[in-house]
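>>> sequence plus the predicted model coming up.
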Amino acid sequence: MPPLTEVLYNARCPVCRAEIDHYAGYARTRDLPVTFHDLNRRDLADWGIGANEAARRLHVREAGQVLSGVDAFIALWRALPRYRWIARVVALPGLRQVAHLVYERILAPRLYARHLARERRNCPNVTL
């Protein structure tokens, strides 16, 4: 049996939730060893990260190692047979670095900023 892959994601982010719901449905129907955890409903201490760090990007834990960002997506895709080809392509030298830059400089910051704006609208007295 392959090792368990655990995914930590922000279910309050509509974009994140839609993508992860897709992967979770795929994993569930194939009984794959992948579990999905909403960071808003977990004790993050066992992941070794804080709430803001967890909300900034996707995290995956395999064999006790926590991966984040593009590396987390690659690990998730490797755990899902239909998506292994994407993992192989994105992991190619050069392309991995470009994907990392796009994710870390454009996608993740925009999604996180939208998350903070949603949180401020929902809890206007809370400072994030």
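It's in. Residues are numbered from 1 along each chain as shown.
>>> quick check: R12 touching R118?
Yes - if you go by CB atoms under 8 Å, R12 and R118 touch, sitting 6.6 Å apart. Where C-beta positions appear, they are placed from N, C-alpha and C, glycine not excepted.
>>> now for the protein, the helix or strand with the poorest mean pLDDT.
helix 108-122 (a mean of 87; mean pLDDT, DSSP states H and E).
>>> buried stuff in that helix?
Within helix 108-122, the residues scored as buried using 16 or more other CB atoms under 10 Å are 108, 111-112, 115.
>>> now render those as TSV, adding distance to T35.
Below are the buried residues of helix 108-122 laid out as TSV (distance: CB to CB, whole Å):
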residue	distance to T35
A108	22
L111	22
Y112	23
H115	22
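>>> quick one: low-confidence residue ranges for the protein.
1-2, 123-128 (pLDDT under 70).
>>> so which residues of this structure form helices?
14-29, 51-56, 70-79, 84-90, 95-102, 108-122 (DSSP state H).
>>> give me the contacts around the first one.
What it means is helix 14-29. Contacts with helix 14-29, where a contact means CB atoms under 8 Å, 6 or more residues apart in numbering, come from 7, 9-11, 32, 34, 36, 58, 76, 79-80, 82-83, 111.
>>> now the second one
Helix 51-56 has contacts (CB under 8 Å, 6+ apart) with 8, 10, 13, 39, 44, 47, 108, 112, 115, 128.
>>> out of those, which are buried?
Buried among those (16+ other CB under 10 Å): 8, 10, 13, 39, 44, 47, 108, 112, 115.
>>> could I get those in JSON lines, plus columns for distance to A54?
Shown next, in JSON lines, are the buried ones among the contacts of helix 51-56 (distance: CB to CB, whole Å):
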{"residue": "L8", "distance to A54": "6"}
{"residue": "N10", "distance to A54": "7"}
{"residue": "C13", "distance to A54": "11"}
{"residue": "L39", "distance to A54": "4"}
{"residue": "L44", "distance to A54": "6"}
{"residue": "W47", "distance to A54": "7"}
{"residue": "A108", "distance to A54": "12"}
{"residue": "Y112", "distance to A54": "11"}
{"residue": "H115", "distance to A54": "11"}
